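In: Got a predicted structure here, sequence first:
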Amino acid sequence: MKRALLAASLLLCTAASAQRIDPNAPIKAYAAKVLPRCPGGTVTVEEADGGPKNFQTFAVAVRSADKYCGTQKYLLYSPKTQQVLVGAVIPLPADGRSAADRITGKSTELLGKPHKATVAPFPLPDGLKSVSIGRDTPYGPFAYTAYIDASEQFMIVGMRGSMTVDPSKTLREALGNAGGARRGNASATVEIMELSDFQCPTCARAHEMIEPIVRQNIGKMNYVRVDLPLFEHHEWAVPAAMAARAIQRVAPNKYWEYVDYVFKNQETIGKRKFDEVLNEFVEDHDIDKAAVQKIYGSKTERQTLLDQVSRAFSLGIASTPTFLVNGQILGFGPEGSFTIESIKQALANAPAAAKKTSAKPAAKKTSAKPAAKAPAKKAGK
């Protein structure tokens, strides 16, 4: 009898433990890695009714004491293929128009400017199809990347990954191919990626705060800077980024000096033509002017830069500065203290570097998306 009671007790305990297991734990863990990490942030996951065909739909959010850091998105998960998409889910009009025409109309409505959508002819896993939503800009054609589900009722704008691959790896690989400038120790265990806009005042403040930390710990980090010029709002951000690409290619030892110069002189640069600013910098630093101008004025290089911006936007990164530490997006906010402390902590926990590193040259003194309706949340989740 005692053995029977003991067995029954064990069965009850096992059943109770099983009931306590959160079935959405893998979804929450994935969301925690792909969403921005914020001060005091908590990640929530709620199942949602409806949504794109072949996917389970979850509303995921980061809530934080920092009002600039929280975010809300949708996470789509395919139990069949383990495919995951994280971003915005936008219902499309239900009428007789083609998918491309309906996406064109919805995108034009949401973005406030005429756009043209093109839908790929061949499906991806789970019946998704890639969508390119483009328009002309003063710098060349610019396109957003999106997806349409198998039902052709929903457009998804966001990052596409897999539950079997760490999302930090997905982000790092997508952004790592953007041709950013690197310094430090390529084999370091700490990778810091900066996405910034030369005309962004907060980016300039962030640069001033980060630089002393970089100099002191250059051997313990692999530091990558990627241009993210927000050209819709900043008129000389693209020229400044193009100049950076040219200098990085022609005189790489002058690149970080150029970055320092632009961030320190934003106010005076904004009062001049950027061509004059670049010519002055090149002449003052004995850089091959003809070689720089060839890259600076190249339509092909400019298109590569716009495609770089598009990739960041497609991953849900559309504000500057944005920092990633080992693939985890950090919320910067107006002060940046959380990001700075997170970088310091990552470096403090990193092992000492054993390989030779590249030091930053000393600076030369100079004079001076869219909101839309989405699947409804289930009550009580």
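Out: Right, received. Where do you want to start?
In: Which per-residue confidence value corresponds to the residue nearest to residue 137 when sequence neighbours are not counted?
Out: Excluding the flanking residues, the one nearest residue 137 by Cβ to Cβ, 6 or more residues apart in numbering is residue 231, at 6.8 Å. For the C-beta atoms, the positions are set from N, CA and C on the backbone; glycine is no exception. pLDDT, residue 231: 91.
In: Residue ranges in the stretch 51-200 of the chain under the pLDDT threshold?
Out: Low-confidence segments of the stretch 51-200 of the chain (pLDDT under 70): 176-179.
In: quick one, helices of this protein?
Out: For the chain, the helices defined by DSSP state H occupy 2-20, 25-34, 99-111, 167-176, 201-216, 237-250, 255-264, 266-269, 274-284, 289-296, 299-314, 337-348.
In: Of those helices, which is nearest residue 193?
Out: Distance to residue 193, taken as Cβ to Cβ, is lowest for helix 167-176 among these, at 6.2 Å.
In: now that closest one against helix 25-34, angle please.
Out: For helix 167-176 against helix 25-34, the angle by axes from the mean of the first three to the mean of the last three Cα atoms, to 10 degrees is 40 degrees.
In: The residue nearest to residue 137 is in contact with residue 139, isn't it?
Out: Yes - using Cβ atoms under 8 Å, residue 231 is in contact with residue 139, at 6.3 Å.
In: Touching both of those two, which residues are there?
Out: Common contact partners of residue 231 and residue 139 (Cβ atoms under 8 Å, 6 or more residues apart in numbering): residue 238.
In: and these two? which has more neighbours close in?
Out: Neighbour totals were compared for residue 231 and residue 139, and residue 231 leads with 21 against 17 (other Cβ atoms under 10 Å).
In: List the contacts of that one.
Out: The neighbours of residue 231, taking Cβ under 8 Å, 6+ apart as the test, are 137-139, 237-238, 309.
In: Going by distance to residue 300, which of those residues wins?
Out: residue 139 (12.4 Å).
In: For the closest one, give me the backbone phi and psi.
Out: Main-chain torsions, residue 139, degrees, to the nearest 10: phi -100, psi -10.
In: list the contacts for it?
Out: Contact analysis of residue 139 by Cβ under 8 Å, 6+ apart lists 231, 238, 302, 306.
In: Recalculate using a threshold of 6 Å.
Out: 238, 302 (Cβ atoms under 6 Å, 6 or more residues apart in numbering).
In: Same question for residue 254.
Out: Contacts were defined as Cβ under 6 Å, 6+ apart; by that measure residue 254 touches 247, 285.
In: Report pLDDT for it.
Out: For residue 254, the model assigns a pLDDT of 97.
In: same check, this time on residue 353
Out: Listed pLDDT for residue 353 reads 54.
In: Make residue 1 into 31 and carry on from there
Out: All set: I'll call the first residue 31, so the last point we hit is now residue 383.
In: number of nearby residues for the closest residue to residue 265 other than its chain neighbours?
Out: If you skip the residues right next to it in sequence, residue 265 has residue 229 as its closest partner in space, 7.7 Å away by Cβ to Cβ, 6+ apart. Other residues within reach of residue 229, judged by other Cβ under 10 Å, total 26.
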